[in-house]
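Peer 1: Show me how the following folds:
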Amino acid sequence: MTITQLYYVLAVAEYKNFTLAAEKCFVTQPTLSMQIQKLEDELDILIFDRSKKPILLTEVGEKIVNQAKNIVNEAGRIKDIVDQQKGYIGGEFKVGIIPTVMPTLLPMFLNNFIKKYPKVNLIIEEQTTEDIIKKLKNGHLDCAIAATPLEEENLKEIVLYYEPFVAYVPSNHPSIDKKEIEISDLDLDKILLLQDGHCFRNGILNLCKNNKYIADSHFQLESGSFETLIKLADEGLGTTLLPYLHTLDLNDKNKEKLKPFKDPKPAREVSLIYPKNELKIHIINALRDTISGVVRGAIAFSDVEIISPKTK
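Peer 2: Okay, the predicted model is just below:
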């Protein structure tokens, strides 16, 4: 039995197809199939039911896959131990970031991180929270940045910052002259939302439901970007909520339409998320320290009410 054989088993279990699994492992399909067959012969069992389409795990195969995940992860720890002992911070490191955080946070820390840790090959992917959770659990991401708490088993969360929601109101809105507002000041029949799949959308829905001001049916205008939502609001079609960091780059005219909420300000919690096995924890810590260093000067709110990003 070898680590390579277990790695191939995990690939087939994930993709449910020998050909696709071989492509993902960068080997030929006969090579992958032969190694898995050798493992099955050695154990005198069948790991996969090949009569099914897509391929399924047998009952004992499911148990083997669960154990194989632990073994492959622990094997990866050996290189981590050696790297940490040598003080080496480098190699490939895959990070997933949700779309509502990527445009504002990434430019703030990326250049600093690359300069400080030039040996790290940082691969950054924009992903929804749902995809991030799947990829972290499957080992396709080393860590991620997303709105929390997610309360996912086998994942850890380190809070990076708290980011308040800020209202963006039309120029003819009754609250345009107020310095601070409350949820009750908004016309929640005309809230402009991001499309389904964005956790920021879920946060706004949860905020409004928590305050018992709105039902699902009232939300009708949706878009895929904050820029479009701002333009719709400028046309008088409704009000939208923006994450605080996104408001920093608005022009002066648009900033006049921003209305912060009274304390405690509704906010999202943005965290670094990674598997509990803590593979590459030295790089995760380096990323956390870099982000915390640059964000600290841009965003510092303490009296906030954290709004869940999960669908209720």
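Peer 1: What are the boundaries of the helices in the chain?
Peer 2: Using DSSP state H, the helices found in the chain span residues 3-15, 18-25, 29-43, 59-86, 102-116, 129-138, 199-210, 226-234, 244-247, 252-255, 281-295.
Peer 1: for these, which one sits closest to Ala147?
Peer 2: helix 199-210 (4.8 Å; C-beta to C-beta). Backbone N, C-alpha and C define where each C-beta goes, glycine included.
Peer 1: And the average pLDDT for the closest one is what?
Peer 2: Across helix 199-210, the average pLDDT comes to 66.
Peer 1: Ok, stretch 22-39 next?
Peer 2: 94.
Peer 1: Buried residues of that stretch, list them for me.
Peer 2: Ala22, Lys24, Cys25, Val27, Leu32, Ser33, Gln35, Ile36, Leu39 (16 or more other C-beta atoms under 10 Å).
Peer 1: tell me which of those is nearest to Asp80?
Peer 2: Using C-beta to C-beta, Cys25 is the member of the buried residues of stretch 22-39 that sits closest to Asp80, with 21.3 Å.
Peer 1: can you pull the contacts of the residue nearest to that closest one when sequence neighbours are not counted?
Peer 2: Sequence neighbours aside, Ala11 is the residue nearest to Cys25 in space, at 5.2 Å (criterion: C-beta to C-beta, 6 or more residues apart in numbering). Neighbour list for Ala11: Ala21, Ala22, Lys24, Cys25, Leu32 [criterion: C-beta atoms under 8 Å, 6 or more residues apart in numbering].
Peer 1: picking up where we left off before, now render the helices of the chain as JSON lines, adding distance to Val166.
Peer 2: Shown next, in JSON lines, are these (distance: least, C-beta to C-beta, whole Å):
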{"stretch": "helix 3-15", "distance to Val166": "40"}
{"stretch": "helix 18-25", "distance to Val166": "42"}
{"stretch": "helix 29-43", "distance to Val166": "51"}
{"stretch": "helix 59-86", "distance to Val166": "40"}
{"stretch": "helix 102-116", "distance to Val166": "13"}
{"stretch": "helix 129-138", "distance to Val166": "21"}
{"stretch": "helix 199-210", "distance to Val166": "12"}
{"stretch": "helix 226-234", "distance to Val166": "11"}
{"stretch": "helix 244-247", "distance to Val166": "5"}
{"stretch": "helix 252-255", "distance to Val166": "10"}
{"stretch": "helix 281-295", "distance to Val166": "17"}
